[in-house]
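quick one: sequence and predicted model below, then my questions.
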Amino acid sequence: MIQPAVAHGRLTGLDEIVDVGRDRVRGGYSRHVWDTAELELREWFRARAAALGLDVETDRNGNIWAWWGSPGADAVVLGSHLDSVPGGGEFDGPLGVASALDAIAMLQADGVTPTRPCAVVVFAEEEGSRFGVACLGSRLLTGAMTADRVRALTDADGVTFADAAAANGTDPRFVGHDPETLARIGVFIELHVEQGRGLIDLDSPLAVASSILAHGRWRIDFTGEGNHAGATRMADRRDPMIAASRGILAIRDAARGDDRATVGRIEAVPGGTNVIPSRVTTWLDARSDLDGDARSLVAEITARVQDAAAAEQCEARVTEESWSGQVVFDPALRDRLAATLGGIPALPTGAGHDAGILSAHVPTAMLFVRNPSGVSHSPEEHATLEDCVAGVVALTHVLRGLV
Ligand code: GLV
Ligand code: MN
Ligand code: MN
Ligand code: MN
């Protein structure tokens, strides 16, 4: 039996995977759904869960479930994800998974036998780094996105989700809304590293989540005329790279107050140094407090990028790729956690999570662990051992009160 990691003053799980999926080029970690690193993490999870005597199964959407006791209805489910953004941090995702296993190990060491089903879940493709849509595993589970749409999503190499799933033991014919699995979840709790400066400002190691900004992703295609970099006079160009550059500045200018607007990914076609591109595609991540605010932000951005493109005799087309409305976490569950944990603060977040997707269906809560760098989706993301241990201890208290 694996000893509870915190009893040794360390997080055993994270120690074991510290070298899996290190990105030698970008720094940090690149662990994308069903790539070599993420598959290794899945194996690590299965082995650790099995060592705790948990029964491991993979659902029809590629999410992994490790059951303490028999699977069944009204289960207490803890968990998070193991995939990362390109060049991401060590903690975003794996901290929640390792902590969930540690919490069960702590209770087992205390001789606790759960009186209700209890599971740790690893959701597939939370970051959307491979197929472009975040929280794919939980969106499929809950029916928030149709199976047909997801099956047809492609990665950077043109591999469809359906083919990638099939190659990794998930039959693409059966992906999609899974009401039986969803019905088993009585309550879902995701522990996560905090991704901004909230806990630094509060001077607290932990918080419960109060809400998540409304957010989504849009693809913006700027089209112009591909041509020769040397033979084409500047006045004769319809260069979509210039249109996109103007567009990106306009996007920054459109975001006010609590809005967030980011272009983190850009692709020039055909992509040669001596070629004026025929198309430049940028991906917009836009967020704001309320659904209406985020929608108006994107409407304003759409108008501004079209103006920017027109100024360069180009065109811009904006296509929605995914959307998640504002989440307000279950107040009763949040209060219960805060009471169990002695009144820890509540904190809103701008980051999306599987917990946000699940919150439309089951009582859901999140626990945040302080990030002293205040930086995430970056190799600089951090959490101290002491704060991680505080997170595991808190999760253990919460779990004890629920099982
Ligand atoms: C995922 O971490 C997101 O918030 O985009
Ligand atoms: Mn993330
Ligand atoms: Mn995450
Ligand atoms: Mn996230």
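That came through, no problem. Ligands and ions are numbered 1, 2, ... in the order given.

correct me if wrong: residue 44 contacts residue 19.
No - counting by CB atoms under 8 Å, residue 44 stays clear of residue 19, with 11.3 Å between them. All C-beta atoms are positioned from the backbone trio N, CA, C, and that covers glycine.

out of the two, which sits in the more crowded spot?
residue 44 (18 against 9; other CB atoms under 10 Å).

and what about that one, helix, strand or coil?
helix (DSSP: H, G, I helix; E, B strand; the rest coil).

residue 305 now?
Residue 305 is classified as helix under three-state DSSP.

before we move on, what about residue 173?
Looking at residue 173 with three-state DSSP, the answer is helix.

count the neighbours of it for me.
By the measure other CB under 10 Å, the count of residues near residue 173 is 11.

kindly report the same for residue 150.
Residue 150: 23 neighbours (other CB under 10 Å).

what strand or helix carries residue 148?
Residue 148 is located in helix 147-152, with elements delineated by DSSP states H and E.

what is that helix packed up against?
Secondary-structure packing of helix 147-152 (3 or more CB pairs under 8 Å, 6 or more residues apart in numbering; DSSP states H and E): helix 136-142, helix 161-167.

most tightly packed of those helices?
helix 136-142 (a mean of 27; mean count of other CB atoms under 10 Å).

contacts for it?
Residues outside helix 136-142 that contact it (CB atoms under 8 Å, 6 or more residues apart in numbering) are 33, 59, 61-63, 81, 123-126, 128, 133, 144-145, 147, 150, 153, 161, 175-178, 181-182, 354, 357-358, 360-361.

whether it contacts ligand 1 - can you check?
No - Helix 136-142 is not in contact with ligand 1 by CB under 6 Å from any ligand atom; minimum separation 11.9 Å.

how's this structure carved up into domains?
As assigned by automatic domain parsing, the chain contains the domains 5-213+326-402, 214-324.

so residue 398: helix, strand or coil?
Once three-state DSSP is applied, residue 398 turns out helix.

now for it: which residues touch it?
103, 189, 337, 340-341, 367.

which ones among the residues you listed lie within helices?
103, 337, 340 (DSSP state H).

assign a three-state SS to residue 300, would you?
Assigned by three-state DSSP, the conformation of residue 300 is helix.

from what I see, it and residue 256 are in contact.
No - using CB under 8 Å, residue 300 is not in contact with residue 256; the gap is 9.5 Å.

residues from the stretch 301-403 of the chain in reach of ligand 4?
Taking CB under 5 Å from the ion as the contact definition, the stretch 301-403 of the chain meets ligand 4 at 351-353.

ok, now with 8 Å
Within reach of ligand 4 by CB under 8 Å from the ion, the stretch 301-403 of the chain has these residues: 351-354.

redo the residues you listed as a markdown table? Include secondary structure.
Shown next, in a markdown table, are these (three-state DSSP):
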| residue | secondary structure |
| --- | --- |
| 351 | coil |
| 352 | coil |
| 353 | coil |
| 354 | helix |
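
between those, which has the most around it?
Counting by other CB under 10 Å, top hit in these: residue 354 with 31 neighbours.

ignoring the adjacent residues along the chain, who's closest to that one?
Leaving aside its chain neighbours, residue 354 sits nearest to residue 138 (4.0 Å; criterion: CB to CB, 6 or more residues apart in numbering).

where does pLDDT dip in the chain?
Residue ranges of the chain with pLDDT under 70: 1-12.

all helices for the stretch 51-200 of the chain, in order.
94-109, 136-142, 147-152, 161-167, 179-184, 198-202 (DSSP state H, counting those that start in this stretch).

which stretch among those comes nearest ligand 3?
helix 94-109 (7.4 Å; CB to the ion).

that closest one near ligand 3 at all?
Yes - remark: helix 94-109 sits within contact range of ligand 3 at residue 96, by CB under 8 Å from the ion.

give me the buried positions along that helix.
94-108 (16 or more other CB atoms under 10 Å).

what parts of this structure come near ligand 1?
127, 134, 351-352.

ok now the helix holding residue 148, how far from the chain's centre?
19 Å (CA atoms, centre = their mean, to the nearest Å).

what residues does it touch?
Contacts for helix 147-152 (CB under 8 Å, 6+ apart): 131, 133, 136, 139-140, 160-162, 165, 172, 175-177.

go again using 10 Å as the cut-off
60-61, 125, 131, 133, 136-137, 139-140, 146, 160-163, 165-166, 172-177, 321-322 (CB atoms under 10 Å, 6 or more residues apart in numbering).

please identify the buried residues of that helix?
147, 150-151.

distance to residue 250 for those - can I get that in CSV?
Formatted as CSV, the buried residues of helix 147-152 follow (distance: CB to CB, whole Å):
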residue, distance to residue 250
147, 36
150, 32
151, 35
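
which of the residues you listed lies closest to residue 394?
Residue 394 lies nearest to residue 150 out of the buried residues of helix 147-152, by CB to CB, at 34.2 Å.

I'd say residue 14 and residue 99 touch.
Yes - here residue 14 reaches residue 99: they are 9.1 Å apart, a contact under CB atoms under 10 Å.

tally of neighbours for residue 69?
Other residues near residue 69 come to 17 when the count uses other CB under 10 Å.

isn't it right up against residue 119?
Yes - using CB under 10 Å, residue 69 is in contact with residue 119, at 8.9 Å.

shared neighbours, those two?
The contact lists of residue 69 and residue 119 share 54-55, 75, where a contact means CB under 10 Å, 6+ apart.

in the sheet, who's paired with the closest residue to residue 68 other than its chain neighbours?
Of all residues not flanking residue 68 in the chain, residue 118 sits nearest, at 4.3 Å (CB to CB, 6+ apart). For residue 118, the beta-bridge partners under DSSP bridges are residue 68, residue 76.

check contacts around residue 118.
54, 66-69, 71-72, 75-78, 100, 103-104, 107, 112, 186, 399, 402-403.

ramachandran coordinates for residue 48?
phi -70, psi -40 (degrees, to the nearest 10).

ok, now how distant is the nearest residue to it once chain neighbours are set aside from residue 52?
Spatial nearest neighbour of residue 48, chain neighbours left out: residue 101 (5.5 Å); criterion: CB to CB, 6+ apart. Relative to residue 52, residue 101 is positioned 6 Å away (CB to CB, to the nearest Å).
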